[in-house]
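Asker: Here is a sequence with its predicted model. Questions after.
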Amino acid sequence: MKSISVLIAAGAAILFTTGAQALDKLGYPARELLVTSTDVLGQPLVFPTGTVKITSAIITIQPGGAGQLHRHDVPMYAYILQGEITVDYGPHGTKVYRQGEAIMEAEHVPHKGMNTGDEAASLLVVYMGVDGIANATPVK
């Protein structure tokens, strides 16, 4: 019974604190990387409905390398592990993301990432999707 009381107390502590503070109170020292309800273009994040499918990956782009034009129909979090990446959002402009930055990528907006730096760029990406919706869709 004591362990249930501890769990209830821990759950209550989480409800009344947010982010890194909640983790610190549970004994996990933390530094918040990103707290947002919008993507990099300022659009509200919208989660699709369905059976949840979380996918994580590390993407590496060599200097001068680029991906193809695509869009995300599910929320995508990215943390730049190394180097820098430039993303062209077409009429929404171009943004540069550097090592140590965390972002929520644009949803439903065609864009293309490229490495304009002089070292490999690596980023951890986490797609918060659902079965039946692609994490990234090529745009022609």
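Answerer: Perfect, thanks for sending it.
Asker: so who does the most centrally placed residue in the chain touch?
Answerer: Taking CA atoms, centre = their mean as the criterion, Tyr77 is the residue nearest the geometric centre of the chain, at 0.6 Å. Applying CB atoms under 8 Å, 6 or more residues apart in numbering to Tyr77 gives the contacts 34, 102-105, 125-126, 128. C-betas here are computed from N, CA, C, even on glycine.
Asker: of those, closest to Arg71?
Answerer: Nearest to Arg71 among these is Glu105, at 9.6 Å by CB to CB.
Asker: what's the closest of the contacts of Tyr77 to Gly19?
Answerer: Of the contacts of Tyr77, the one sitting nearest to Gly19 (CB to CB) turns out to be Leu34, at 9.6 Å.
Asker: Just list whatever residues bridge to the residue nearest to the centre of the chain.
Answerer: Under DSSP bridges, the beta-bridge partners of Tyr77 are Met104, Val126.
Asker: Assess the claim that Thr116 and Val87 are in contact.
Answerer: No. The pair Thr116 and Val87 fails to qualify as a contact (CB atoms under 8 Å) at a distance of 10.3 Å.
Asker: What ranges in the chain fall below the confidence cut-off?
Answerer: 1-18 (pLDDT under 70).
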